[in-house]
Structure formats: structure tokens, C-alpha cells
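A.B. asks: coords below, sequence missing:
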């Protein structure tokens, strides 16, 4: 089988690779297993020196890695450069804090001594998506490596050069061979690896369907897993919000990366008293977006990552039309490239696919709510629970409302974005477990209790 990388802007083939067979993977996993004992026996301080060097490698080669991202999945180069920067900051964070996070925790009991210690599990398989091809992979790998695990990466099939680039970062940082390895494989082979009990934990960022399959298989084998899945994040605008500022953030939160993000604002729930003002401001700012060549530093929205994404988005707009709305579409048509013009769906309803499906693209439905209670009810009405945004000048009111929203991450007067210092993950069908921060570091460790008596 071939793994093919296609440029979403030119529609030309970037690279073609032969996929590894299951037998190839077995051989690699044996090498990874043999490497684990040496890597895990290093002190946390020794391991974090490598992670600090990875940050240096990322910064030294930022442009080259960003261009790979842009060529493979169409992200505007300015945003791709920011993604590489974020990966370097993630490495910095764990290099600086992991020794403290992984210290034994003493607990006072009747025994002579009681403490909790944190030990690595072994081989962790990370399954990563294409939307943030470097960031999503680093977010899984860096905490797992710092904790003393060794890592295998199965990346999305359309970003193989990004996957190999990530391995190259760790190689150039000096990590011992086979501590981190990219496997160019398909999903079937990845599931075989889990099913054959060859790894000690699994982390997946992906669709609800893929996450359910991986979680079900890992659970059957009693393997720890982290699921970071889809979202349909509400963006709630109360009547006392700063409408102009909220609309500016709405544009960024919805259209960053052409709307391809699990934590993008996807449902704009606006109190009816201010909905006209919000839509007017939103439309004003949407018309300022530059759509085009993702290698152009001035471009705000490039193509979506894959041709099939365009077809899915077209069906979502047709569904909105059938159910009574008339979407507003902006920008010019492109004769070439996987472009989908940004669209606003005014007066959207909860039964539309745009409002109850994870929309991975630049479509913004506006749902009208009569008051705060109805806004919360609408926000909680989907099976998703990743992030949410609340806009109000009354911060106490906004915080009270935030507690009523069933989500893993709520931002008031700002946009949801992953930060190494804060735990990241969802509830309901948006996921299980947490990445990043202190909590993310503890996902793939044995939390061992030791009690010492005389």
C-alpha cells in the first residue's frame, strides 16, 4: 500500500511512501521494547535535557517544518509557523517542570513512611490527526517521553512528511535510537498493533468513531488510553457582551486553520436582543479575510486539507437550505485547490447538521436564544463537550454560566486554545482523559503507592 501526500492548494502529489507491513512494525516494536529499559532508567533531569534540545531544533528549523505543514494540509504559512513555535514552547514547559511534577509525593500515614511514585509504563502508541500535524503529535509525545515511556507515532495518511519530520526533530535532539519512532502505516495495521497486545498504552486524537474503536480495543486488553475526539463548541454571546470584540474573536475562533479544529467555535448562540448587531459585525470582519495561496504570509484562509472535506461541507450547507436557512457565502471561487468559501448560516436551528455534527471547515451557524437559560440548554444539547466560549461584560455572571456548561474547557471573553500549562480534553463523546499540564504527564504512568514499616 502507498501513503500519498497531496498539496491541497496545487492538487499535486508532494510525496509517496510505501506503508510498513505488520511484520515491519513487529520488528520495530521489538527494538522499541529493548530501548525502554535504558530510557526509563535515566533520571527525569536527563530525559528533559533531550526535550529542551528538541525545542532548539524546532526553532532552528521553524520555516522548513512550517512549509511541510502547509504543503501537506494547506494551513496558511503564518499559522503553520505559529504551530511550530507552540511545539517548542511545549518542550520548554515540560523540560522546566517535569522534574517537579514527577517527584515522589509523601503522604502522612501511621506507617514509617508512605509515598506515591510515578513510573513509566512502556511503549505508548500515539494516533494523530492532520489538522495540527506537529502540535497534536508533540502534545502526546513530549509528556509520555518525559515520564520515561518510549513512543510510536501513527499519523494521518495525508501528512507522512510531517510525521517523518517529527521523528527527525527528536533524532536531531539526540534522543537514543528507537525512543521515538514514526510508523508509516494505515489504520488497520494500527489496530492490529493494539489487538496483538504489542503496546502498553494508546493516545488518539481523531473522530468519535475512531476513538470508540481504539478505546474499545484498548479497554478489552486493559490498556490505558486517552481519547481526544470531536467537538461542536458553543460560542455564547449574552446581551451585555462587547459585540465588536466578540465578533472579532468569533472570526478567529471559527476560521483559524480554515475551521479545521476540534476546539474551534462551531455554534454561535446569540441572545436575540443583540443577534442583528452580532451578525452585522461578524459579516463586516469576515469580508476582510484573505482567501488564497497558503504560502502567502498575508493569507488568512487556505484550502481545506482533503478533497473529500469539500463534499462533506457542501452537504452541510445544502442541509441548512433544506431546513429553511439561506447561507451567506463569502469570497471568490477558486478554479484549483480544495477550497471551500467561508459561510454564515443565519437563524440556524438545532436540527441542522451544522449544529449537531462536528463541522470541520469554515461554516458558522448562528442560533438565536431568547435568554441565558435557553443559551445554556442549546449549548448542552449535543453529544459533544469539548470547549465553550462565553461573552459578557459581567464576569461573575459569565462564571456562573460557565459552571452550567458541560465541557472540558470554558473560556470567558476569549477563544479556547490549548496551552501547555492547562489540562486539555473533553467530556461526553468528546473524549476521555487529559493532555498537557501536570495532569497530562500522569496519563501514562504507574501511580505506585509505597508503604514502609519498621
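C.D. replies: Received, thanks. Being a predicted model, the structure only gives us computed values, none of them experimental.
A.B. asks: what are the buried residues along stretch 264-274?
C.D. replies: 264, 265, 266, 267, 268, 269, 270, 271, 274 (16 or more other Cβ atoms under 10 Å). The way it works is simple: take the backbone N, C-alpha and C, and place the C-beta from them, glycine included.
A.B. asks: go on, stretch 378-394?
C.D. replies: 378-382, 384-392.
A.B. asks: what mean pLDDT does it get?
C.D. replies: Stretch 378-394 carries an average pLDDT of 98.
A.B. asks: one more: stretch 151-164?
C.D. replies: 99.
A.B. asks: same check on stretch 259-278?
C.D. replies: Averaged across stretch 259-278, pLDDT comes to 98.
A.B. asks: poorly predicted segments of the stretch 1-150 of the chain, please.
C.D. replies: Of all residues in the stretch 1-150 of the chain, none has pLDDT under 70.
A.B. asks: quick one, helices of the stretch 151-300 of the chain?
C.D. replies: 160-172, 187-195, 208-220, 243-255, 275-286 (DSSP state H, counting those that start in this stretch).
A.B. asks: any idea how far apart the tips of stretch 58-77 sit?
C.D. replies: 15 Å (Cα to Cα, to the nearest Å).
A.B. asks: identify all contacting residues around that stretch.
C.D. replies: 5, 7-9, 14, 80-81, 83-85, 87-88, 91, 130-131, 133-134, 158-162, 165, 169, 257-258, 294-297, 299-305, 337-338 (Cβ atoms under 8 Å, 6 or more residues apart in numbering).
A.B. asks: which of those are buried, as a ChimeraX select command?
C.D. replies: Buried members of the contacts of stretch 58-77, defined by 16+ other Cβ under 10 Å, are picked up in ChimeraX with:
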select :5,7,8,9,14,80,81,83,84,85,87,88,91,130,131,133,134,158,159,160,161,162,165,169,257,258,294,295,299,300,301,302,303,304,305,337,338
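A.B. asks: so which of the contacts of stretch 58-77 belong to strands?
C.D. replies: Counting by DSSP state E, the contacts of stretch 58-77 place 5, 14 in strands.
A.B. asks: report the central residue of this structure.
C.D. replies: residue 136 (5.2 Å; Cα atoms, centre = their mean).
A.B. asks: that one - that's part of a helix, no?
C.D. replies: Yes: assessed by DSSP: H, G, I helix; E, B strand; the rest coil, residue 136 belongs to a helix.
A.B. asks: quick one: it from residue 252, how far?
C.D. replies: Applying Cβ to Cβ, to the nearest Å, the value for residue 136 to residue 252 is 19 Å.
A.B. asks: can you tell me how far the closest residue to residue 244 other than its chain neighbours is from residue 357?
C.D. replies: Nearest non-adjacent residue to residue 244, counting by Cβ to Cβ, 6 or more residues apart in numbering: residue 281, 5.5 Å away. Going from residue 281 to residue 357 by Cβ to Cβ gives 26 Å.
A.B. asks: do the same with residue 145
C.D. replies: In terms of Cβ to Cβ, residue 145 sits 35 Å off from residue 357.
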